[in-house]
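Engineer: Build the 3D model from these lines:
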Amino acid sequence: MELAGQDAEVARRVASFFKAMEARVADALSRAQAAGKLGDRVEPASAARILVCFVEGLRVVGKTAPARTTSEATVVALLDRFVR
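Structural biologist: Modelled structure (predicted):
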């Protein structure tokens, strides 16, 4: 990802990867919503984008070695916003 700003092909591949990941997450969230397990106000495509950004950000922050309990609490706090 660090090279995406310098190499058009890398940028295209990274963008394609994130688009595919968002689509898979959105599909899973749509299924969860149909099963009544996702909050009524949650829009699957927007939530998928948020989750993908969150996961990637968590990977970056994880490199600074925060306490596992801190990372877990952050994940739980975000997911609590989505589940029913």
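
Engineer: And Ala34, how far from Asp27?
Structural biologist: 11 Å (C-beta to C-beta, to the nearest Å). Every residue, glycine included, has its C-beta placed from N, CA and C.

Engineer: neighbour-wise, which of the two wins?
Structural biologist: Asp27 (13 against 10; other C-beta atoms under 10 Å).

Engineer: Which residues are in contact with the more buried one?
Structural biologist: Pro44 (C-beta atoms under 8 Å, 6 or more residues apart in numbering).

Engineer: Give me the pLDDT for it.
Structural biologist: Listed pLDDT for Asp27 reads 98.

Engineer: Could you pull out the buried residues of the helix or strand containing it?
Structural biologist: Using DSSP states H and E, Asp27 sits in helix 8-34. Buried positions in helix 8-34, judged by neighbour count with 16 or more other C-beta atoms under 10 Å: 14, 21-22, 25-26, 29-30, 32-33.

Engineer: how close does Val83 get to Ala77?
Structural biologist: Counting by C-beta to C-beta, the gap from Val83 to Ala77 is 12 Å.

Engineer: Can you pull out the low-pLDDT segments for this structure?
Structural biologist: 1-4, 84 (pLDDT under 70).

Engineer: swap the cut-off to 90 and go again
Structural biologist: For the chain, applying pLDDT under 90 flags the ranges 1-14, 38-41, 56-75, 77-84.

Engineer: Dump the buried residues of helix 8-34 to TSV, plus distance to Glu43.
Structural biologist: As requested, these are exported to TSV (distance: C-beta to C-beta, whole Å):
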residue	distance to Glu43
Val14	24
Met21	17
Glu22	13
Val25	12
Ala26	9
Leu29	9
Ser30	10
Ala32	13
Gln33	9
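
Engineer: any idea which helix or strand comes after whatever helix or strand Ala47 lives in?
Structural biologist: Secondary structure from DSSP H and E places Ala47 in helix 44-62. Following helix 44-62 in sequence order, the next helix or strand is helix 68-80 (DSSP H and E).
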